[in-house]
Structure formats: C-alpha cells, structure tokens
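Engineer: Sequence plus predicted model, see below.
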Amino acid sequence: MLISLSLAIPLFAQHLEKYEEPKFVEIVGITEFTGRMIAKPNSQISPDIWENTGATKLRFIEETNEYIVEIPPETNENSFAATLMETGNFEYVHPDWMCYPVGDPDDPEFPNQWHHGVMQSSLAWDLIQGAPNQIISWVDTGVDHTHPDLAANLIPGYNSVDKRKEINGGDTSDVNGHGTHVAGCLGAIGNNAEGVAGVTWNMQLMPVRCSNSSGGGAYLSHILDGARWAADNGAKTVGASYSGVDNSSVGTTGTYLKSQDSLFFYAAGNGRQNWSSFDYPDTVVVGASGITDIICNFSGRGRGLDLVAPGLRILAPVVGGGYEYWSGTSMATPVANGVAAMIFAANPWLSADEVQTRLYQSCDDLGDVGEDDTYGMGRVNLRNAVEAALVGSIVLESTDLVAGQSSTISIKSAPANATVYLGYSTIGLDALQLPTFQTACALKNPLLLTTVTVNNQGTGSYIAQVPPNTSGRRLWVQAITMGTSSNFIELIIQ
C-alpha cells in the first residue's frame, strides 16, 4: 500500500465495508489461468521450499529474482498464493497469466480501419466497450438483420414510413444498403473475430427505417418521426445520415430529443455547403474529416457545423455479409453518434446536456484555436470522450509525493459542506460506475484513502504521510462525492 494513513477499503461499491484482498479472477480472452505462478521472494529462500509446497519450479529469473512455478494439482492459484504470502517470505505471488493483446480487437479487418487510430479508440476500449442495456439508434434505409457483425446486437425497431413497430410487422430490412453501412460504422460488434469493429461494440442497435424506396429517398418528416420514436423508445443517441440539415425542424427535433434525455446527430451533407444560416443548440451537426485530419473536400461546413468525425474511406458492413469502403458525412455521423453513446455508457447518470458538453470538450481541436466554421469544436476523440465522462466538477490537486515525507491533496469546487471520498488505485484507470454515488470514476479497483468534509466554499485538504522506501511507485487519485467526481491525477513517488 503506498499511502498508509488508513486501512485500504474498497471504494464505493459496498461503501466502506471491511477490505478483503481481491482474489485472482481470470477473464477469458484477456487474462486466463495457466496453473503457473510468478513468485518474488523478499529475501533468500531455501531451495527445498517448492518441494514443501508441492509446486514444481520451472525457472528462476536471476535478473528480477523471480520464480516461475507450476502449482500442485490439488490446489489453485488463489490458495497457493495465499499460502506463500502467509510465510512472510515473498514480496508478491500472482498467476503467470495467459495474456492477450489489449485494446485492439481480433476483428481481421480492424487494421484497415484507420479512423480508430486517430480517435484513440483502442485506448478507450481498454476502459469500456459499451453498455449491453443501452440503446443506440440510427434513422436510415434499414439494416441487414443477418449480417454477422450486427445481428447479435440488433433489437426490434420501427418503420417510420408505415408508422409501424417491427414487433407489429414493421419492415426494417435494408432496402438500399446505406443503412447497413451506417450501422456498422456505429456499432459493428468488436472482438468477435469477424470483419470490423464499430465505435461501440456492445450496445443494443435499434434500426429505424425511414424509406421504403430502393433509392433510399425519405421524407424529412419520416426521418424526424423516426428520430423521435427512437428517443421515445429508449435510445440515448440517434443519428440521421441524410440531407436536409438546414431545415429548422431538424433543430426542433434535436430539442425534443434532448427533452427525452437523448442526443440527435445529423449529417452536414456532401456538397461542400456553407451552413452559416443556422446554429442548432440541441442537434449535433457532423462534418467529415480525412486521414490527415483535414476536413474532406465534400463536407458541409460553416457556423452550423458542430464537429467533424472520420468520414473518408471508412470500412464497414454492407448487405450480404461483406464489407466496403464508403466515404461521406453519412459515415462521420454514426461515428460521432457512437462516441456520444460511449459517454452515456461510461457514466449513465449524465444528462444529455452534460454528454453534449463533454463530447465537444473532448474533441481534438483542428483549424483555428477553439470553435471555428471549418471544424466546429474539432474532431471526435473516443478516449478523451470516455475519460471526460468519468470526470466531474471537483478540482483535485496534489503536491509532489516524496517517499518518507508528507504531501497535501487539495479539493476545490466541491458541493458546499459535502463529504468527499478520496480514492486511489495502484493499478491504473478504468470506467467504474458507482451507483451509490450516482456517478462514475476513472480508478481501477480503487481503494479508499480517506474522507474529507469540505467547507461551505467547497474546499478542503488532506495531508498524507508517504511511506519510506516507496520511491518510483505510481498511483492514480480521484475525489468522489454524491453526483460528481474530480479530475484524476497520476502521481509518481519521488
């Protein structure tokens, strides 16, 4: 334990129950048990110790003073580690995990999806890949219900031309092909050894078909009716990759969706239009950017543009089970839709307004500094967006940590007179939901450092005594209180 002023307590989930050392738990496809352990003694040990435990010594690593051993058949990784640690002779004992690459999914076409690289998608997926109970929707020409990269996550949708739910016979099969590609940009299932990965891997995909024509043409009213239906039926985000953005009803529909705690995304168009006659507060208008982060020549722009997302040569599913590269703001819109959906997934207690703010603030600024008429707020960044979901209004600061000395952790901008919980992790970051506090935090397997009651200005502090002989160790610290959290800070003990 790096900071030793209080007992380590698991943070928030069971709310201050007595801490018990977490057991090793294997995760298939990520870290799996092998029957082998890595053990590092804290002093010289007898060569026959392994015979006494029944383990088989496979290797001694002189450079790190570690042993690789195979556990006896009558025990398991957790009990074996506990037995060794109880002797007091070991610094640590843990499984020799079977590890798999993290972040990048195993979808064979993933390396051809350039846009995930610029959006730092793999780093975001290290934190969260979606939310299986969350609904995401798009209004388009339907979807290929049998496509292997979509089928498992599809739920019944709606045909806004016929005003009929799919469960009542409404047809949402793809009459054109456009809707299937859009669906794949948004939510192609990741890490399923199939095709490509969407922005979000693990959400309920609810198709809304707004056209019964093979050409894909749709009444604007059918598009907007479909968007409203989606929000009314639980979709947290809804996208429309159609023309018609410069109509006030698009802005009005966005305002309605926000009243339902949903966000509406609409394509900026592919005719290089200058949309400076409007600027919707509640509809997110999406332009397209290319591989070098330059706005695509075809993309709409102007004051009405809110942000851009990758929209050039985006590889995604098509009708019939295949994959093709398509370009357009039609592709950029579901990408942005998916990023916002991931913010909702990481912190479901955020309102639509709060998600929109975090979406804009997390963009990579392009063009002129700040918002501009070419890139809006910038290009979406999935990792930044997920991290933004895990950070609230509290400001957390710390002096340098020096082994054997005291350090001050300061809290500002907290709710007046609140009890603030200071948590820390020695492992790293994760997207952790905290139902007790109705918020989320960014700490992985967090422990409680202490609680601080702030004053009526929302400020407070804590003086921590850093243990000696801990130089070089790293930890992440964050403050949590009801309904909000702080920034997280990474500290390295000097």
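Structural biologist: That came in fine, so what should we check first?
Engineer: And the chain, what are its domain boundaries?
Structural biologist: According to automatic domain parsing, the chain is divided into the following domains: 34-96, 110-389, 395-492.
Engineer: Pull up the distance across the second one, start to finish.
Structural biologist: In domain 110-389, first residue to last residue: 25 Å (CA to CA, to the nearest Å).
Engineer: Check which element follows the helix or strand of the chain with the lowest mean pLDDT along the chain.
Structural biologist: Least confident helix or strand, the chain: strand 98-99 with a mean of 43, by mean pLDDT, DSSP states H and E. Using DSSP states H and E, the helix or strand that follows strand 98-99 towards the C-terminus is helix 114-118.
Engineer: And the closest residue to residue 365 other than its chain neighbours, how close does it get to residue 341?
Structural biologist: Closest residue to residue 365 apart from its sequence neighbours, by CB to CB, 6 or more residues apart in numbering: residue 378 at 4.4 Å. Yep, even glycine has a C-beta here, placed from its N, CA and C like the rest. Going from residue 378 to residue 341 by CB to CB, to the nearest Å gives 19 Å.
Engineer: So those two - more neighbours on which side?
Structural biologist: For residue 378 versus residue 341, neighbours defined as other CB atoms under 10 Å are more numerous around residue 341 (31 against 23).
Engineer: quick check, distance from the helix or strand hosting the more buried one to the centre of its chain.
Structural biologist: Per DSSP H and E, residue 341 falls inside helix 329-346. With CA atoms, centre = their mean, to the nearest Å as the basis, helix 329-346 stands 11 Å off its chain's centre.
Engineer: try stretch 287-307
Structural biologist: That offset, for stretch 287-307, works out to 24 Å (CA atoms, centre = their mean).
Engineer: Equivalent analysis for stretch 334-349, please.
Structural biologist: In terms of CA atoms, centre = their mean, the centre of stretch 334-349 is set 8 Å apart from its chain centre.
Engineer: what's the longest strand seen in the chain packed up against?
Structural biologist: Assignment by DSSP state E gives strand 130-140 as the longest strand of the chain. With contacts taken as 3 or more CB pairs under 8 Å, 6 or more residues apart in numbering; DSSP states H and E, strand 130-140 sits against helix 178-187, strand 202-209, helix 220-232, strand 235-240, helix 329-346.
Engineer: Next, the angle helix 220-232 makes with it.
Structural biologist: 160 degrees (axes from the mean of the first three to the mean of the last three CA atoms, to 10 degrees).
Engineer: partners of strand 130-140, with directions?
Structural biologist: Partners of strand 130-140 in the sheet, by DSSP bridges, are strand 202-209 (parallel), strand 235-240 (parallel).
Engineer: surely residue 274 meets residue 287?
Structural biologist: No - the pair residue 274 / residue 287 is not scored as a contact, 11.4 Å apart, by CB atoms under 8 Å.
Engineer: In terms of packing, which of these two has more residues around it?
Structural biologist: residue 287 (31 against 12).
Engineer: can you pull the contacts of the more buried one?
Structural biologist: Going by CB atoms under 8 Å, 6 or more residues apart in numbering, residue 287 touches 268, 295-296, 299-301, 305, 307-309, 311, 329, 332, 375-376.
Engineer: bridging residues for it?
Structural biologist: residue 308.
Engineer: Quick check: closest non-adjacent residue to residue 243.
Structural biologist: Spatially, and ignoring its direct neighbours in sequence, residue 243 is nearest to residue 269 (5.6 Å; CB to CB, 6+ apart).
Engineer: can you count the residues close to that neighbour?
Structural biologist: Neighbour number of residue 269 under other CB under 10 Å is 25.
Engineer: Over to residue 272?
Structural biologist: 13.
Engineer: Could you pull up phi and psi at it?
Structural biologist: phi 50, psi 30 (degrees, to the nearest 10).
Engineer: And the pLDDT for it?
Structural biologist: Residue 272 is assigned a predicted lDDT (pLDDT) of 92.
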